[in-house]
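Participant: Here is my input, please return the structure:
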Amino acid sequence: MTRNFVVLQGNLADDPYHYSVPSGTAYLRFFLVVHRERGLSLDHGEQPQRADLIRVIEFGPRAELDYYYLQKGAGVVVFGQLQSRAYKDLRSGIETWRNQLEVVTQFIVYGRGCDMEQ
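Facilitator: Residues are numbered from 1 along each chain as shown. Okay, the predicted model is just below:
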């Protein structure tokens, strides 16, 4: 049996976005900056640190609670599941399908972000 479980440690890239869907369920979305390990370049010098932006979403009562405690730059550890979804991109003027990976949270631990100086 395979498991779909991810743990990400990082910092919020911006303030979270919060709203309620028509059924009344709270929804929270934010982007998490996750830094990659530094490696060696081909000329044996140190590579600059790289970061990925990971979309994180949360539903329900925890979404409302987390909205009040999270802000841009806050350090968090996110526990959740990876999910993929496809959508039509209509902004480009050409109807194209895009895929997006995101993490649906199970819970969030505050105060354990990444330090840029590591």
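
Participant: C-alpha only now, for contacts and for neighbours.
Facilitator: OK.

Participant: wait, what's in contact with Arg98?
Facilitator: Arg98 is in contact with Ala86, Tyr87, Lys88, Asp89, counting by C-alpha atoms under 8 Å, 6 or more residues apart in numbering.

Participant: hang on, isn't the second one packed against Leu101?
Facilitator: Read that as Tyr87. No - proximity of Tyr87 to Leu101 does not meet the contact threshold set by C-alpha atoms under 8 Å, at 11.4 Å.

Participant: Now do the SS call for Val104.
Facilitator: Under the three-state scheme (DSSP: H, G, I helix; E, B strand; the rest coil), Val104 adopts strand.

Participant: start the count at 47, not 1, going forward
Facilitator: OK, 47 is where the count begins now, so the last one is Val150.

Participant: Can I get the contacts of Arg144 in JSON lines including pLDDT, secondary structure and neighbour count?
Facilitator: As requested, the contacts of Arg144 are exported to JSON lines (pLDDT from 0 to 100; DSSP: H, G, I helix; E, B strand; the rest coil; neighbours: other C-alpha atoms under 10 Å):
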{"residue": "Ala132", "pLDDT": "77", "secondary structure": "strand", "neighbour count": "10"}
{"residue": "Tyr133", "pLDDT": "73", "secondary structure": "strand", "neighbour count": "11"}
{"residue": "Lys134", "pLDDT": "74", "secondary structure": "strand", "neighbour count": "11"}
{"residue": "Asp135", "pLDDT": "72", "secondary structure": "strand", "neighbour count": "13"}
